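A.B. asks: I need the structure of the sequence given here:
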Amino acid sequence: MEFSERKRILFFGLPWTFTQYTIKEDMINIKAGFLKTIEDDCYMYKVQDVQLETTLLERIFGLGTVVCFTGDSTHQKLCLVHIKNARAVKDFILEASEKARMKRRTLNTLDIGSTAADDLD
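C.D. replies: Numbers count the residues shown, from 1 in each chain. Presented below is the predicted three-dimensional model:
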């Protein structure tokens, strides 16, 4: 399964921008720009959490913003801005990232500011 969406302007949700998002089973690809294009990838197993943000105007025009919190060095907060089917994309990314972590047998840990290292001194 694959999602391909364009960033849309907020007014009427029309795809008049030059940013395209492609979400596959194993990676997220962002291609942006007209004269100078920038293409960036993030492997799905690096996605730690996904958040859906919808403003009032986005809800009126059927859009949403999906924010992926990743362990990637170039994009720690990967935003898919003003896309259609945002809830379906968010759910797909959550499931695909979990499958990718299980496939690679990686463990996602968070640093919660433990003082265990201070106790050793």
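
A.B. asks: For the rest of this, base every contact and every neighbour count on C-alpha atoms.
C.D. replies: OK.

A.B. asks: What are the buried residues along the helix or strand residue 88 falls within?
C.D. replies: Per DSSP states H and E, residue 88 falls inside helix 86-104. For helix 86-104, the neighbour count (16 or more other Cα atoms under 10 Å) marks 86-87, 89-90, 92-94, 96-101 as buried.

A.B. asks: now, among those, which is nearest to residue 80?
C.D. replies: Comparing the buried residues of helix 86-104 against residue 80 with Cα to Cα picks out residue 86 as the nearest, at 8.7 Å.

A.B. asks: Just grab the bridge partners of the residue lying closest to the closest one once chain neighbours are set aside for me.
C.D. replies: Spatially, and ignoring its direct neighbours in sequence, residue 86 is nearest to residue 64 (5.1 Å; Cα to Cα, 6 or more residues apart in numbering). Taking DSSP bridges as the rule, residue 64 bridges to residue 83.

A.B. asks: quick one: contacts for residue 64?
C.D. replies: 52, 53, 54, 55, 58, 81, 82, 83, 84, 85, 86, 87 (Cα atoms under 8 Å, 6 or more residues apart in numbering).

A.B. asks: mind checking how far residue 66 is from residue 25?
C.D. replies: 17 Å (Cα to Cα, to the nearest Å).

A.B. asks: who has more neighbours, those two?
C.D. replies: It is residue 66, of residue 66 and residue 25, that has more neighbours when counted by other Cα atoms under 10 Å, with 22 against 18.

A.B. asks: got the contact list for the more buried one?
C.D. replies: If you count contacts by Cα under 8 Å, 6+ apart, then residue 66 has 50, 51, 52, 53, 79, 80, 81, 86, 89, 90 around it.
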